[in-house]
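K.L.:
requesting a structural model of the entry that follows:
(one chain, ligands or ions: 1)
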Amino acid sequence: MTHFDDLVIGSGMGGLTVAALLANAGRRVLVLEAHDVPGGYAHTFRTGDYRFCAQVHYIFGCGEGETIHRLLDALGLVDQVPFVRLDPEGFDHVVVAGQRHRIPNGLSKSRDRLIHRYPWAAQPIRAYFDVVRTIADELERLDVLPERFSLSLLPAVVRCRHLLRYMRWTLDDLYDSVGMPMLLRGVLAGQCGDYLLPPRDVSLLLHVALVANYDRGAYYPRHHYFHFVESIAEAVRSREGCTILFEHEVERIHTEGERVVGVTTRNGQRFTADRYVSNVDPRRTAELAGGALQRKSRLLDYDYSSGTFTMYLGVRGLDLREHGFGSHNVWRYPHADLNRVYDDQLLRHDLSDPWLFLSTPTLHSGEPGLCPEGDQILEVATSCDYDRFANLRRSDRPAYNREKKRIRDTILDLIQAEYVPGLRDHLVMRVTGTPVTNERYCFAPKGNSYGSALTPANVGFGRRPQRALDNLWLVNATAGFPSVAGTIGAGLRLFDELSSR
Ligand SMILES: Cc1cc2nc3c(=O)[nH]c(=O)nc-3n(C[C@H](O)[C@H](O)[C@H](O)COP(=O)(O)OP(=O)(O)OC[C@H]3O[C@@H](n4cnc5c(N)ncnc54)[C@H](O)[C@@H]3O)c2cc1C
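P.N.:
This next block holds a predicted model:
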């Protein structure tokens, strides 16, 4: 049995961040990771001559002083891990019913472009951007917001009064209050795959946080995600007395009273430490710890975000730049009623005309390493229901594979018809994943994409790293915010908390 100062379960971005910072501060750190590579959803898998990042496409928080930059700076990695900025004139292209809208950096520019194109909707567009700007400004000051309110903290509360006012609002509540026309409801929520909820359900504060964060700059790591993740993992491994053990799935967290006294891995090894951090989903952590955490039910009371259907494609003999792709992502919607689009896919399991997210990592950075020279990569994602795929896979494996193929063919037909004629003839690699794939490889319960669902009920000031037991802390997309920057931010915050003890 080996004893460490700190033991981190899971090497997703939240876990890796806190592990690297603790190692950097001279603590002896052990990371136990179930998979055979680090990064969780940000890991890269290899198949043939291709490498695909499992889920991450573009990130925010890379500018000087912002979250990811702060982590790399603390680890001395800023020069080693440079970023490329996606096109500031249109880092996301939102295509609703065939009409393309380029989303630029700069909220005022975005607003003015829309007013220029839709002058008849100038009033609701202005009103929408006013509220977004107000909330975004207050979110930027969020660090000063207290965890508990008291009279002496009144000035801070006053400075954040709009956050309190809009805390329970959804995006549709804002649309309704400004009288937003349907087409613009679709366009303005065009990045909603980044939180996987339609306007009717998403927390307004979360929507604004997403829009405002990417507004400051959308980035891609110049040397790709595997280099970004590996650099942080190496910051753990390179410190004396620190290590990451892969294929070490923790199957039991042992507790005595309110303390963790060790963990056991599936291969029968036991490890102990003074302090423990779980980067694993909080509910799953509670299962691993038996009854000890169940008493803290407020930490465990949430529903999961939905799952995704993902396609990883290797393309040879054509240039995707000639078909509407480039230093940006494309969001495709069949029509502007995004509530109906989501209901069709998640409730009615109808993916005959799905929304699509299309991303081209080889056009975001020209650095080699993802595929043979001259080839390109196209990644495609949309939302789908976990239970349906899980039941099919469990009860009838051939039927599960047929369903995957059926949906993949529908999506390829759509891309051929609307963007890349003859695409099929140029595909030299195709890999397809469902929410079940995410559960198997990334250990995401119910294939959840962004931790707990990003509804008003789950989004609030309590969404941050949590102390679950005397010497056990939780940090991940749910105990924090999803996204690479969100989970790194949670890791930074937890490190500050642990360092102040
Ligand atoms: C389809 C999709 C697209 C996305 N696109 C983007 C994007 O473009 N930009 C962006 O910023 N974010 C994106 N995200 C979100 C982002 O990837 C995640 O929010 C973030 O990476 C989650 O980090 P985490 O710290 O919660 O850890 P996770 O990624 O959940 O990792 C947890 C780790 O713990 C390990 N683990 C679990 N159980 C055990 C156990 N018992 N023992 C040992 N190890 C265990 C897992 O193997 C895993 O490595 C996307 C997510 C999805 C699903």
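K.L.:
could you chop the chain up by domain?
P.N.:
The record assigns the chain these domain ranges, following automatic domain parsing: 2-82+222-302+451-499, 105-215, 306-445.
K.L.:
least confident of these, on average?
P.N.:
The weakest mean pLDDT among the domains of the chain belongs to domain 105-215, with a mean of 90.
K.L.:
who are the contact partners of Ile244?
P.N.:
Ser11, Ala19, Leu30, Val31, Glu33, Pro38, Ala233, Val236, Arg237 (Cβ atoms under 8 Å, 6 or more residues apart in numbering). C-beta: built from backbone N, CA, C; applies to glycine.
K.L.:
could you point out which element follows the longest helix along the chain?
P.N.:
Determined from DSSP state H, the single longest helix within the chain is helix 397-418. Downstream of helix 397-418, the next assigned helix or strand under DSSP states H and E is strand 427-433.
K.L.:
name the helices or strands packed onto the next helix or strand after that following strand?
P.N.:
Sequence-wise, the next helix or strand downstream of strand 427-433 (DSSP H and E) is helix 435-442. Packing partners of helix 435-442 (3 or more Cβ pairs under 8 Å, 6 or more residues apart in numbering; DSSP states H and E): strand 307-315, helix 386-395.
K.L.:
tell me which parts of the stretch 101-250 of the chain are close to the ligand?
P.N.:
Contact residues, the stretch 101-250 of the chain versus the ligand (Cβ under 6 Å from any ligand atom): Glu249, Val250.
K.L.:
show me where the stretch 101-250 of the chain has helices.
P.N.:
Assigned by DSSP state H, counting those that start in this stretch, the helices in the stretch 101-250 of the chain fall at 107-117, 122-140, 154-159, 161-166, 171-178, 182-188, 204-215, 224-237.
K.L.:
could those go into JSON lines alongside mean neighbour count?
P.N.:
Shown next, in JSON lines, are the helices of the stretch 101-250 of the chain (neighbours: other Cβ atoms under 10 Å):
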{"stretch": "helix 107-117", "mean neighbour count": "15"}
{"stretch": "helix 122-140", "mean neighbour count": "18"}
{"stretch": "helix 154-159", "mean neighbour count": "12"}
{"stretch": "helix 161-166", "mean neighbour count": "16"}
{"stretch": "helix 171-178", "mean neighbour count": "18"}
{"stretch": "helix 182-188", "mean neighbour count": "22"}
{"stretch": "helix 204-215", "mean neighbour count": "22"}
{"stretch": "helix 224-237", "mean neighbour count": "21"}
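K.L.:
out of those, which is closest to His69?
P.N.:
His69 lies closest to helix 224-237 among the helices of the stretch 101-250 of the chain, at 12.4 Å (Cβ to Cβ).
K.L.:
now do that closest one: which elements does it pack against?
P.N.:
helix 13-24, strand 44-47, strand 50-53, strand 243-245.
K.L.:
any chance you could list what contacts the third one?
P.N.:
For strand 50-53, contacts defined as Cβ under 8 Å, 6+ apart pick out 42-45, 224-226, 312, 314, 361, 369-371, 377, 379, 429, 431.
K.L.:
and the residues you listed, which of them are buried?
P.N.:
With neighbours counted by 16 or more other Cβ atoms under 10 Å, these contain buried members at 42-45, 224-226, 312, 314, 361, 370-371, 377, 379, 429, 431.
K.L.:
can you tell me which of those residues is nearest Ser483?
P.N.:
Ala42 (9.9 Å).
K.L.:
with distance to Val341 as added columns, please give the helices of the stretch 101-250 of the chain in TSV.
P.N.:
Below are the helices of the stretch 101-250 of the chain laid out as TSV (distance: least, Cβ to Cβ, whole Å):
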stretch	distance to Val341
helix 107-117	20
helix 122-140	20
helix 154-159	37
helix 161-166	24
helix 171-178	14
helix 182-188	9
helix 204-215	16
helix 224-237	28
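K.L.:
quick check: residues of this protein near the ligand?
P.N.:
For the chain, the residues in contact with the ligand (Cβ under 6 Å from any ligand atom) are 9-15, 32-35, 40-42, 55-59, 249-250, 279-280, 308, 310, 381, 442-444, 449-450, 476-477, 482-485, 487.
K.L.:
what's the burial count for the residue lying closest to Leu184 once chain neighbours are set aside?
P.N.:
Excluding its sequence neighbours, the residue lying closest to Leu184 (Cβ to Cβ, 6 or more residues apart in numbering) is Ala121, at 5.7 Å. By the criterion of other Cβ atoms under 10 Å, Ala121 has 18 neighbours.
K.L.:
contacts only, for Ala121.
P.N.:
With contact set as Cβ under 8 Å, 6+ apart, Ala121 has these partners: Leu114, Ile115, Met180, Pro181, Leu184.
K.L.:
and what of Ser108?
P.N.:
Contact analysis of Ser108 by Cβ under 8 Å, 6+ apart lists Phe129.
K.L.:
hang on, Val94 is in a strand, isn't it?
P.N.:
Yes: according to DSSP: H, G, I helix; E, B strand; the rest coil, Val94 belongs to a strand.
K.L.:
and the nearest residue to it once chain neighbours are set aside, how many neighbours?
P.N.:
Distances taken as Cβ to Cβ, 6+ apart put Gly190 closest to Val94, at 3.0 Å, once the chain neighbours are dropped. The burial count assigned to Gly190 is 22, neighbours taken as other Cβ under 10 Å.
K.L.:
from the ligand, how far out is Gly190?
P.N.:
Distance, Gly190 to the ligand, using Cβ to the nearest ligand atom, to the nearest Å: 15 Å.
K.L.:
kindly report the same for Ser352.
P.N.:
Counting by Cβ to the nearest ligand atom, the gap from Ser352 to the ligand is 21 Å.
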